[in-house]
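*Asks:* Next come a sequence and a model predicted from it.
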Amino acid sequence: MIYSFISSFSRREKIFVMLAGDAVFLNLGIFLSLFLDKKSFPILEVRQIPFIILGIFLFHFPVYIRLGLYRAVIRYIDEKLLLQAFYSVTLSCLLSGGYFLLALPELFSFTTLVVFWIVSLLYMISSRFLARGILNSFELKQESRERVAIYGAGRAGVQTARSLFSGKEYVPVIFFDDKKDLHGSMISGTPVVSPEKFEEYWRKYQCKKLLLAIPSASFSRRKSLIEKFSALSIPLLIIPGMGQLIDGTIELEEIREVQIEDLLGRDSILPQKELLESCNSHKVILVTGAGGSIGSQLCRHLAETSPKLLILFEVSEFALYSIEKELREKFPHLKIKAILGDVCQEIQIEKVFSKYCVEVVYHAAAYKHVPLVEENPLAAFKNNILGTFILANVASKQARVEKFVLISTDKAVRPSNVMGATKRVAELIIQGLANKKESNCCFCMVRFGNVLGSSGSVIPLFRSQIKQGGPITVTHPEVTRYFMTIPEAAQLVIQAAAMAHGGDVFLLDMGAPLKIVELAEKMIKLSGLTLKNEENPLGDIEIQFVGLRPGEKLYEELLIEEKNSLPTKHPRIFKSEEYSLPWETLAENLKTIEGLCERQELNRNLITQVLLRMVPEYTPSSDAETLSPFSTSDNRPLVRRKVLFTHPD
């Protein structure tokens with residue numbers, strides 16, 4: 001009732017109430033100061049009272065108003081008020097003190113004025129903080145916002161609390177922090193306690209969510225906390241990294257729920273600036289598939305290297321619009337050219353290279369969804385193989401093109417599906433052009449595994465299934481994959497390209513593998529839900545096994561092994577030497593592929609034979625007739641170099 005009544009006041013009415021209260025208590029403060037100085041109750045003459053009231057209104061309130069004491073919102077005041085009150089009270093007491101000594105010398109002494117300064121300062125500070133405490137207590141009782149606890153009472157935690165207080169969604173009620181010297185203290189009116197008492201205070205303060213405000217902590221530290229609290233089925237929130245806290249504020253929309261990426265990442269290694277900029281700074285850069293998961297992240301990192309011109313080449317209108325809009329807002333001075341186009345359109349590609357004098361190419365455009373590509377092999381032939389050939393061939397004929405980087409996949413190693421096989425053919429094309437040495441262009445490729453949260457990946461699917469109440473569908477209980485965050489993958493791609501000399505196959509250290517079923521279980525816990533199984537039949541989300549899809553492997557190849565890889569100057573980038581095909585063999589098979597695409601001839605047997613001629617280690621899931629995996633159409637032997645990656649039999 002009282003809180004609703006106060007909340008109904010306008011801003012002007014609230015300021016008037018504060019002014020009236022200050023007028024009453026400041027006048028009482030003068031009387032108290034006289035009593036403390038003279039050790040007796042002073043008897044004021046009638047003529048003295050108007051002089052005292054005039055002194056307060058004439059010298060105190062104009063100063064308070066001018067220095068902003070009445071601009072602060074009581075509910076959100078903080079330690080800054082201490083300094084503001086000190087300056088305001090000191091200046092006003094100096095002015096009013098001179099006035100009182102001249103107007104009422106028989107009543108006021110220097111000692112009285114010093115006492116009055118102390119009384120006024122204590123009143124101005126205590127009254128504001130007391131009012132804040134009362135309002136916050138009323139607010140908590142009436143609160144419709146969710147009560148949250150904050151883990152971390154450092155700079156980030158305090159900024160987060162202030163931002164939440166001003167919002168309408170969450171209200172912080174308690175801090176947890178590891179620092180013992182903070183235990184028992186109050187920050188912005190919110191108590192700080194030890195994490196050892198977490199469960200006790202979580203229940204006591206009726207918290208609904210826990211916000212992790214430790215952006216400077218290592219990944220391993222954040223991961224251990226996330227696992228600890230998600231095991232308790234506590235909904236978690238997280239704030240952005242330290243880079244977003246530089247301006248001293250946190251935007252409420254940046255506070256998000258903890259995601260599986262926060263568990264599957266790893267401690268970052270600072271990118272090597274010279275590698276990021278060496279082949280990109282002040283260059284004309286073309287990125288194909290610029291609107292895709294990897295392509296868009298490449299564009300974000302490349303934009304930071306100060307290119308002369310960044311060309312976004314994308315077949316999807318909406319994807320191109322989205323990345324162009326984002327980059328123009330974030331990098332207003334960067335020259336950007338957005339082109340709707342298809343890498344299979346040779347004439348358009350030639351015009352783009354000639355018109356804009358392209359110097360560096362990052363080729364990320366590809367069909368990558370394994371089951372869809374398995375059902376539509378000709379589309380993958382056209383996009384993944386012919387598109388790569390057309391783009392790379394045009395680049396090889398342009399004198400200004402210095403570097404061509406193909407974004408490849410670990411599924412190209414001993415492929416068991418059409419997608420992986422077509423990406424391996426794309427690699428062979430790049431290797432073939434590099435071996436021809438008829439161009440000044442440096443051709444290379446970067447091969448890595450799954451990236452977290454990319455379009456069409458398992459993580460967005462699981463999120464959707466959890467949101468719908470389950471079940472989560474997993475193909476097989478033993479399916480294992482490597483994962484890497486998109487930003488880390490994109491940064492490593494750019495740095496790898498800088499180390500290329502021609503025909504290089506770079507491999508990214510993907511970290512430790514993870515079973516997909518364990519991934520699903522982690523995502524269920526992060527959602528604050530429980531797994532439904534035989535041990536817990538009343539759980540929230542069930543995991544169902546639906547069988548391997550066509551072309552799907554149980555395990556991806558382990559690409560990074562000390563005995564099978566060569567180190568580079570970057571600890572997470574490795575290099576491999578692998579067999580290549582003679583250009584004549586490549587050209588002959590590319591003509592066959594082109595013919596299949598033109599005729600739209602969906603001949604599974606012929607498709608399989610073509611892929612096996614080019615990728616002998618391809619193991620198709622169908623029972624199509626095949627040629628000898630180590631022969632070409634005219635029985636010429638394959639040209640082989642040292643093969644570093646072998647199947648772990």
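*Replies:* Looks like it came in fine. Keep in mind that this is a model prediction, so the values were computed, not measured.
*Asks:* got the CA coordinates for the helix or strand that contains Arg221 in PDB?
*Replies:* Using DSSP states H and E, the element containing Arg221 is helix 219-231. Extracted as PDB, the C-alpha positions of helix 219-231 are listed here (Å, rounded to 0.1, in the frame of the first residue of the first chain):
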ATOM      1  CA  PHE A 219      37.600 -20.900 -19.100                       C
ATOM      2  CA  SER A 220      38.400 -23.800 -16.900                       C
ATOM      3  CA  ARG A 221      37.200 -21.800 -13.800                       C
ATOM      4  CA  ARG A 222      34.000 -20.800 -15.500                       C
ATOM      5  CA  LYS A 223      33.400 -24.300 -16.800                       C
ATOM      6  CA  SER A 224      33.800 -25.800 -13.300                       C
ATOM      7  CA  LEU A 225      31.300 -23.300 -11.900                       C
ATOM      8  CA  ILE A 226      28.800 -24.000 -14.700                       C
ATOM      9  CA  GLU A 227      29.000 -27.700 -14.200                       C
ATOM     10  CA  LYS A 228      28.700 -27.300 -10.400                       C
ATOM     11  CA  PHE A 229      25.500 -25.200 -10.500                       C
ATOM     12  CA  SER A 230      23.900 -26.900 -13.600                       C
ATOM     13  CA  ALA A 231      24.200 -30.200 -11.600                       C
END
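*Asks:* Give me the buried positions along it.
*Replies:* Within helix 219-231, the residues scored as buried using 16 or more other C-beta atoms under 10 Å are Arg222, Lys223, Leu225, Ile226, Phe229, Ser230. Heads up, the C-betas are built off the backbone N, CA and C, glycines and all.
*Asks:* I'd guessed the last one sits against Leu526; true?
*Replies:* Yes: A contact is recorded between Ser230 and Leu526 when judged using C-beta atoms under 8 Å, the distance being 5.2 Å.
*Asks:* coming back round to it: mind giving me a markdown table with the buried residues of helix 219-231 and columns for pLDDT?
*Replies:* Listed next are those as a markdown table, based on pLDDT from 0 to 100:
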| residue | pLDDT |
| --- | --- |
| Arg222 | 82 |
| Lys223 | 82 |
| Leu225 | 85 |
| Ile226 | 83 |
| Phe229 | 84 |
| Ser230 | 78 |
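*Asks:* Need these in a markdown table (columns: distance to His476).
*Replies:* Formatted as a markdown table, the buried residues of helix 219-231 follow (distance: C-beta to C-beta, whole Å):
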| residue | distance to His476 |
| --- | --- |
| Arg222 | 31 |
| Lys223 | 26 |
| Leu225 | 31 |
| Ile226 | 27 |
| Phe229 | 30 |
| Ser230 | 25 |
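*Asks:* what separates Val451 from Ser527, distance-wise?
*Replies:* 21 Å (C-beta to C-beta, to the nearest Å).
*Asks:* what do you get for Ile339?
*Replies:* 40 Å.
*Asks:* Between the two, which has more neighbouring residues?
*Replies:* Set Ile339 next to Ser527 and count neighbours by other C-beta atoms under 10 Å: Ser527 wins out with 21 against 17.
*Asks:* ok but Ile407 is inside a strand, no?
*Replies:* Yes: checked against DSSP: H, G, I helix; E, B strand; the rest coil, Ile407 lies within a strand.
*Asks:* how near is the nearest residue to it once chain neighbours are set aside to Gly387?
*Replies:* Nearest in space to Ile407, with sequence neighbours left out and distances taken as C-beta to C-beta, 6 or more residues apart in numbering, is Ala364 at 4.4 Å. If you measure Ala364 against Gly387 using C-beta to C-beta, the figure is 11 Å.
*Asks:* Ok, Leu452 next?
*Replies:* According to C-beta to C-beta, Leu452 and Gly387 sit 26 Å apart.
*Asks:* ok, now Glu13?
*Replies:* Distance of Glu13 to Gly387, given as C-beta to C-beta: 68 Å.
*Asks:* more crowded one of the two?
*Replies:* Gly387 (26 against 11).
*Asks:* tally of neighbours for the closest residue to that one other than its chain neighbours?
*Replies:* Leaving aside its chain neighbours, Gly387 sits nearest to Val343 (3.7 Å; criterion: C-beta to C-beta, 6+ apart). Applying other C-beta under 10 Å, we find 26 other residues in the vicinity of Val343.
*Asks:* Then the one 3 residues further on?
*Replies:* When neighbours are defined as other C-beta under 10 Å, Glu346 has 16 of them.
*Asks:* what number of residues lie near Phe353?
*Replies:* Counted with other C-beta under 10 Å, the neighbours of Phe353 add up to 22.
*Asks:* Might one say that it is in contact with Gln398?
*Replies:* Yes: with contact defined as C-beta under 8 Å, Phe353 counts as touching Gln398 (5.0 Å).
*Asks:* Spell out, range by range, the helices that occur in the stretch 501-649 of the chain.
*Replies:* For the stretch 501-649 of the chain, the helices defined by DSSP state H, counting those that start in this stretch cover 516-526, 583-599, 604-614.
*Asks:* Out of those, which is closest to Gly295?
*Replies:* Closest approach to Gly295 among those is made by helix 583-599 (23.1 Å; C-beta to C-beta).
*Asks:* so how far is the closest one from its chain's centroid?
*Replies:* When distances are taken as C-alpha atoms, centre = their mean, to the nearest Å, helix 583-599 is centred 42 Å away from the chain's centroid.
*Asks:* List of residues touching that helix?
*Replies:* 378, 381-382, 385-386, 389, 428-429, 432-433, 435-436, 601, 603, 606-607, 610, 613-614, 632-633, 636, 638 (C-beta atoms under 8 Å, 6 or more residues apart in numbering).
*Asks:* filter those residues to the buried ones?
*Replies:* Burial by neighbour count, 16+ other C-beta under 10 Å: within these this picks out 378, 381-382, 385-386, 389, 428-429, 432-433, 435, 607, 610, 613-614, 632, 638.
*Asks:* What count of nearby residues applies to Gly68?
*Replies:* By the criterion of other C-beta under 10 Å, Gly68 has 11 neighbours.
*Asks:* The closest residue to it other than its chain neighbours and Val63: what is the separation?
*Replies:* Excluding the flanking residues, the one nearest Gly68 by C-beta to C-beta, 6+ apart is Gln84, at 6.6 Å. Distance, Gln84 to Val63, by C-beta to C-beta: 11 Å.
*Asks:* for the stretch 51-200 of the chain, what are the low-confidence residue spans?
*Replies:* Applying pLDDT under 70 to the stretch 51-200 of the chain flags residues 72-79, 135-144, 166-168.
*Asks:* Quick one: the helices in it, in order.
*Replies:* Listed in chain order, the helices of the stretch 51-200 of the chain (DSSP H, counting those that start in this stretch) span 61-66, 80-103, 110-142, 155-165, 198-204.
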